[in-house]
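# here's my sequence, what's the structure:
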Amino acid sequence: MSDTFPFRRILVYLDGSEASLSAAMYSVLLAKASGADLHALYVVNTKALQDLVKARIFVSSERSEYLADLNKDAGRHIRHIEKLAKLKGVGVTGQIVEGLPSAQVVKYIKDHSVDLLVLGPVNMIRSRREELTSESDRMLRTAPCPVLVSRDDEKLWQMFEE
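Predicted coordinates:
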């Protein structure tokens, strides 16, 4: 770890979106520059799945099959950041957990003494309801450490390819 960077442990939150891909790239570059340990967390949102069952969008018997698919996707995204990190000579500790994303991210930060949370670009909030239910927004407000919100821009891709 470099003495000029205040971060020893960086956590990037992955959710499978394009936004989390830019966060993954940004976090790898930050870890490389700072010498910090990089952690990647994918939270399978079981709360959303429960809501889908309650709303009868899924029947209970479909729940376990869908959950297995979500866990398979999570594994694919963790392997992707591991490949990105390897390209830059950075180690990464990946973990998949189930639950409410904001609560699991805060728990991980506390349990692993994370110094910086990296999120992808946060979607524009169009309604008060979205503001109350946005997991990324909730992470911004409740994270017990600094939060960096990355932007998906051409400069990021250029920096990563160097």
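
# drop to CA atoms for contacts and neighbour counts, all remaining ones
Fine.

# shouldn't residue 95 be in contact with residue 38?
No: distance between residue 95 and residue 38: 11.4 Å, which falls outside the contact criterion (C-alpha atoms under 8 Å).

# so which of those two has more stuff around it?
Ranked by neighbour count (other C-alpha atoms under 10 Å), residue 95 and residue 38 place residue 38 first, with 24 against 14.

# quick one, phi psi at residue 148?
phi -110, psi 130 (degrees, to the nearest 10).

# and the lengthiest helix in the chain, what's buried?
Ranked by number of residues, the top helix in the chain under DSSP state H is helix 60-87. Neighbour counts using 16 or more other C-alpha atoms under 10 Å place 63, 67, 70-71, 73-74, 77-78, 81-82, 84-85 of helix 60-87 among the buried residues.

# what of stretch 20-36?
When neighbours are counted by 16+ other C-alpha under 10 Å, the buried residues of stretch 20-36 are found to be 20-32, 34-36.

# hey, which helix or strand in the chain has the poorest pLDDT?
helix 128-133 (a mean of 48; mean pLDDT, DSSP states H and E).

# re earlier: out of the buried residues of stretch 20-36, the closest to residue 51 would be?
For the buried residues of stretch 20-36, the residue nearest residue 51 by C-alpha to C-alpha is residue 20; the value is 23.3 Å.

# how far off centre is the helix or strand containing residue 24?
Using DSSP states H and E, residue 24 maps to helix 18-34. Per C-alpha atoms, centre = their mean, to the nearest Å, the displacement of helix 18-34 from the mean C-alpha position of its chain is 10 Å.

# helix 60-87 and that helix, what's the angle between them?
Between the axis of helix 18-34 and that of helix 60-87 there is an angle of 30 degrees, by axes from the mean of the first three to the mean of the last three C-alpha atoms, to 10 degrees.

# residues contacting residue 81?
Applying C-alpha atoms under 8 Å, 6 or more residues apart in numbering, one finds that residue 81 lies in contact with 24-25, 40, 92.

# same thing with residue 67?
So, once contact is read as C-alpha under 8 Å, 6+ apart, residue 67 ends up touching 44, 46, 49.

# which ones among these lie within strands?
The subset of the contacts of residue 67 located in strands under the criterion DSSP state E comprises residue 44.

# tell me which other helices or strands the next helix or strand after the least confident helix or strand of the chain touches.
Sequence-wise, the next helix or strand beyond helix 128-133 is helix 135-142, with elements assigned using DSSP H and E. With contacts defined as 3 or more C-alpha pairs under 8 Å, 6 or more residues apart in numbering; DSSP states H and E, the secondary structure elements packing on helix 135-142 are helix 101-111.
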